[in-house]
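Visitor: just coords:
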């Protein structure tokens, strides 16, 4: 049986959002929030959503959880540029389901040292919404 990974998506990889085509997973029903608070900002000219690896700051961030294959996870890793010095890092965090219960998932977070205050366009946010996605500009 193929390995399946659970991934918490909070930004452009959510269903109905700009990079959802890369997310070839099966969505778990319901809504999820991070157990810890994290700062979620829109950053830079592209208005990219950054979940910053600073647990205890910001908000409990809402998102979706998907079960993805190794291949789908590799595609998400490539989109999030996890091997680039300024890319996201795929880390394990804990999320809570609206119906109760917590579990570990992967999430793509930015390192706190990469965030420049002058680049923050909006936030911290509790949820990345369609009006935020409308500001997003894909990487050229």
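Guide: Yep, that arrived. A quick note: this is a predicted structure, and the numbers were derived from the prediction, not measured. Numbering: from 1, shown residues only.

Visitor: element containing residue 131?
Guide: helix 130-133 (DSSP states H and E).

Visitor: Residues contacting that helix, please?
Guide: Helix 130-133 is contacted from outside by 12, 16, 17, 18, 42, 47, 49, 122, 125, using C-beta atoms under 8 Å, 6 or more residues apart in numbering. Every residue, glycine included, has its C-beta placed from N, CA and C.

Visitor: wait, the fifth one sits on residue 48?
Guide: Yes: Residue 42 sits in contact with residue 48 when judged by C-beta atoms under 8 Å, with a separation of 7.0 Å.

Visitor: how about the longest helix along the chain: buried residues?
Guide: When the chain is parsed with DSSP state H, its longest helix is helix 70-79. Residues of helix 70-79 classed as buried: 72, 73, 75, 76, 77, 79 (neighbour count, 16 or more other C-beta atoms under 10 Å).

Visitor: picking that back up, from the contacts of helix 130-133, which would you call buried?
Guide: 12, 17, 42, 47, 49, 125.

Visitor: residue contacts, residue 47?
Guide: Residue 47 sits next to 121, 122, 132, 135, 136, 137 when contact means C-beta under 8 Å, 6+ apart.

Visitor: Alright, that wraps it up for me.
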